[in-house]
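Participant: okay, sequence plus prediction incoming.
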Amino acid sequence: MMKRQRGFIGTLQQPRFENPSSRERWLTGIWMQIRRWEQLARERNQLASMSDDMLKDIGLNRADAVTESERPFWDDPLKK
């Protein structure tokens, strides 16, 4: 094996943290994003299961509900 030759394992760059608080903020950000995705998925499932009368009460029709419920969980309307 040649000097300084690298294999495939361990060559990816990993985030570097200057102090523990930056690592905690990074992990908290990831956790919050996962929670948001869970919330979006849950809300879209609920929307898909609503009756036409319930949809009418909130100002939507079946086509709107289907369109919204088919969006992927990571497609967050608040992140635009």
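Facilitator: Yep, it's here. Residues are numbered from 1 along each chain as shown.

Participant: need the helices for the chain, in chain order.
Facilitator: For the chain, applying DSSP state H gives helices covering 20-49, 52-57, 62-69.

Participant: now do the helix or strand bottoming out on mean pLDDT in the chain and helix 62-69, the angle between them.
Facilitator: Within the chain, no helix or strand scores below helix 20-49, which has a mean of 93 by mean pLDDT, DSSP states H and E. Counting by axes from the mean of the first three to the mean of the last three C-alpha atoms, to 10 degrees, helix 20-49 lies at 150 degrees to helix 62-69.

Participant: what's helix 20-49 packed up against?
Facilitator: Applying 3 or more C-beta pairs under 8 Å, 6 or more residues apart in numbering; DSSP states H and E, one finds that helix 20-49 contacts helix 62-69. For glycine as for every other residue, the C-beta is placed from the backbone atoms N, C-alpha and C.

Participant: buried stuff in the helix it packs on?
Facilitator: Judged by neighbour count using 16 or more other C-beta atoms under 10 Å, the buried positions of helix 62-69 are 65, 68-69.

Participant: cool, and stretch 45-57?
Facilitator: For stretch 45-57, burial by neighbour count (16+ other C-beta under 10 Å) applies to 47, 50, 55.

Participant: end-to-end on it?
Facilitator: 18 Å (C-alpha to C-alpha, to the nearest Å).

Participant: quick one: it to chain centroid distance?
Facilitator: Distance, stretch centre to chain centre, for stretch 45-57: 23 Å (C-alpha atoms, centre = their mean, to the nearest Å).

Participant: just stretch 64-72 next, same as before
Facilitator: 16 Å.

Participant: may I have it as PDB, with CA atoms only?
Facilitator: C-alpha atoms of stretch 64-72 as PDB (Å, rounded to 0.1, in the frame of the first residue of the first chain):
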ATOM      1  CA  ASP A  64     -57.600  20.400  -3.100                       C
ATOM      2  CA  ALA A  65     -57.400  17.800  -0.400                       C
ATOM      3  CA  VAL A  66     -56.100  15.100  -2.700                       C
ATOM      4  CA  THR A  67     -53.500  17.500  -4.200                       C
ATOM      5  CA  GLU A  68     -52.300  18.500  -0.800                       C
ATOM      6  CA  SER A  69     -52.300  15.000   0.700                       C
ATOM      7  CA  GLU A  70     -50.300  13.600  -2.200                       C
ATOM      8  CA  ARG A  71     -47.400  16.100  -1.600                       C
ATOM      9  CA  PRO A  72     -44.300  14.400  -0.100                       C
END
